[in-house]
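Asker: Structural data only, the sequence is not supplied:
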């Protein structure tokens, strides 16, 4: 029901009648409208006549076997046609939303930059039907609730009792730097020699320089040339640029190690710190999604290859 200007409810015309009127007005022919709608001309005429009676106006002038819109009918036709086009557009949009297969992934920006983006083309080539969205915000709760996220590659913590949680990859935490830094006049033959170089700190890391130096009995105070970053990928880039030595997992810098932009400092040093800092998590209900399982299986295959 619709409201009249005085606030009283009036009966809304039936959609069937509006569709018949729009087709008849477009063709200015009940016969052609009937062909389009797969009904008889008399059925179109009946719907239009009922619409005119309901509205209390004449929409068509009828002469012999022909019809033409009145001035009122012409005005009403333009508005009805626009409304029906909007309904069609809304329906098409809804259909696209329902048929688009989407996968919403959240991860740390460093993981996205260093690993996911270089490897994502392979997943997309295997699953071209999926529309993938990557979210690097830190708001954990809203991603699965308000934003309907599918899965997250979480850095650091695995303590989510109401989620499916599994480790993604184990990595070695190592001191690394640009080869041009090692080519200078100061050789690094022991952990104590590292104290002679600028250190690059990734402040959100769970493995910091203070702990590493202490574990190797190196007493070193911070110096002005040390650098600190709140994102691992920035710290990694600083190391690539020869600004100092970084303490990072060999997983995120796999590409830089393979192409020689970074090298391991004291590669034979033991003991190494081997740890898992990345976990795949998703609500148990998302585990039934074929898209989530496709990404999970692909991710674990890729990670297994990284550990070999």
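Answerer: Arrived safely, thanks for sending. If you're wondering where the values come from, they're calculated on a predicted model, not measured in any experiment. Numbering: from 1, shown residues only.
Asker: Read off the pLDDT value for residue 191.
Answerer: Note for residue 191: predicted pLDDT of 91.
Asker: Please read the previous query as pertaining to residue 35.
Answerer: For residue 35, pLDDT reads 93.
Asker: do residue 289 as well
Answerer: Turning to residue 289, the model gives it a pLDDT of 88.
Asker: what do you get for residue 259?
Answerer: 94.
Asker: before we move on, what about residue 158?
Answerer: Taking residue 158 on its own, its pLDDT is 62.
Asker: for residue 236, same thing?
Answerer: We have a pLDDT of 95 for residue 236.
Asker: Could you say which helix or strand holds it?
Answerer: Counting by DSSP states H and E, the element that carries residue 236 is helix 232-240.
Asker: what's downstream of that helix, the next helix or strand?
Answerer: Sequence-wise, the next helix or strand downstream of helix 232-240 (DSSP H and E) is strand 245-249.
Asker: Give me the longest strand you can find in the protein.
Answerer: strand 163-177 (DSSP state E).
Asker: gap between it and the chain center?
Answerer: Relative to the centre of its chain, strand 163-177 is centred 23 Å away, using Cα atoms, centre = their mean, to the nearest Å.
Asker: Just list the residues touching the residue nearest to the spatial centre of the chain, thanks.
Answerer: Nearest to the geometric centre of the chain sits residue 133, at 1.5 Å (Cα atoms, centre = their mean). Residue 133 is in contact with 102, 103, 104, 105, counting by Cβ atoms under 8 Å, 6 or more residues apart in numbering. The C-beta positions use only the backbone N, C-alpha and C, and glycine is treated the same way.
Asker: and the gap between it and residue 116?
Answerer: Residue 133 sits 12 Å away from residue 116, going by Cβ to Cβ, to the nearest Å.
Asker: Show the low-confidence segments of the protein, by residue range.
Answerer: For the chain, the stretches with pLDDT under 70 are 1-10, 93-100, 138-142, 146-147, 157-160, 271, 308.
Asker: For beta bridges, what are the partners of residue 274?
Answerer: On the basis of DSSP bridges, residue 274 is bridged to residue 172.
Asker: and the longest helix for the protein?
Answerer: As assigned by DSSP state H, the longest helix anywhere in the chain is helix 71-99.
Asker: what ranges do the helices span in the stretch 1-150 of the chain?
Answerer: For the stretch 1-150 of the chain, the helices defined by DSSP state H, counting those that start in this stretch cover 15-27, 30-37, 41-55, 71-99, 109-111, 117-126, 140-144.
Asker: So which bits of the first one are buried?
Answerer: Just to be clear, that refers to helix 15-27. Neighbour-count burial for helix 15-27 flags 17, 18, 19, 20, 21, 22, 23, 24, 25, 27 (criterion: 16 or more other Cβ atoms under 10 Å).
Asker: For the stretch 201-308 of the chain, just list every one of the helices.
Answerer: 209-215, 232-240, 254-258, 290-307.
Asker: Name the residues that touch the second one?
Answerer: Counting by Cβ under 8 Å, 6+ apart, helix 232-240 makes contact with 108-110, 113-114, 176-178, 200-202, 204-205, 227, 229, 244-246, 248, 252-253, 256, 261-262, all of which sit outside it.
Asker: Can you flag the buried ones in those residues?
Answerer: With burial judged by 16+ other Cβ under 10 Å, the buried subset of those is 108-110, 113-114, 176-178, 200-202, 205, 227, 229, 244-246, 248, 252-253, 256, 261-262.
Asker: Show me the protein divided up by domain.
Answerer: Here the domain parsing of the chain from automatic domain parsing is 2-97, 100-308.
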